Structures are given as C-alpha cells and as structure tokens.
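**Student:** quick one, what's the 3D model for this:
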Amino acid sequence: MFPKLMKTLFKRSVDPSRYGQFASFSGNFEKYKEALGIKNTLVCYVYLIDRKGRIRWRADSEAEMQDALRLVENLKAISLE
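**Tutor:** Got it, this is the predicted structure:
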C-alpha cells in the first residue's frame, strides 16, 4: 500500500520529463541496510547520488533546515562536475 501511495504522490509532484532522475525501492532491503547506513526501518531515507553512484548526501526522518542547506550545497557541487 505504501509504495503505491508514494508512486502516486511522485507522479503528481514531478514533471514526467524528470522521471529518469529518480529511483525508489520498497521491499526486502536487509542486505543493503549496512551499506546504506539504515538503522531505523520505520522512517524514510533520502539519498543524493552522483553520476558515479556515490552517495553525496543522505537524510532520514524529518529533515531540518541544516539538512536542506547541505543538500543544496551538494547539488551545486555535483552540477559543476
């Protein structure tokens, strides 16, 4: 149910031309938890991945202003690469 809701919300808020810039995953992710730093499975995690597949920014739970500012800084850095 939750993945379907997320997909619906995504399609309502993102321009179709940008769909290829996003990825989501739901399901059994036990083998990825350690590598992605997932400690709490009851909250969402958001990652900014660069073109080489490296995690450049990550947030979980409720993001604070400091998190948003870091995201913008990292987006600017990635766009200059």
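
**Student:** show me where the chain has helices.
**Tutor:** Along the chain, counting by DSSP state H, helices occupy 2-13, 33-36, 65-80.

**Student:** so can I have CSV of these showing mean pLDDT?
**Tutor:** Listed next are the helices of the chain as CSV, based on pLDDT from 0 to 100:
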stretch, mean pLDDT
helix 2-13, 82
helix 33-36, 91
helix 65-80, 91
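
**Student:** out of those helices, flag the one nearest Ser24.
**Tutor:** Ranking the helices of the chain by proximity to Ser24 (Cβ to Cβ) places helix 2-13 first, at 6.3 Å. C-beta coordinates here come from the backbone N, C-alpha and C atoms, glycine included.

**Student:** contact partners for Glu81?
**Tutor:** Under the criterion of Cβ atoms under 8 Å, 6 or more residues apart in numbering, the contact list for Glu81 reads Asp50, Arg51.

**Student:** Ile49 now?
**Tutor:** Taking Cβ under 8 Å, 6+ apart as the contact definition, Ile49 lies against Ile55, Arg56.

**Student:** distance of it relative to Pro3?
**Tutor:** Taking Cβ to Cβ, to the nearest Å as the criterion, Ile49 is separated from Pro3 by 20 Å.

**Student:** next: Thr41.
**Tutor:** From Thr41 over to Pro3 (counting by Cβ to Cβ), the distance is 14 Å.
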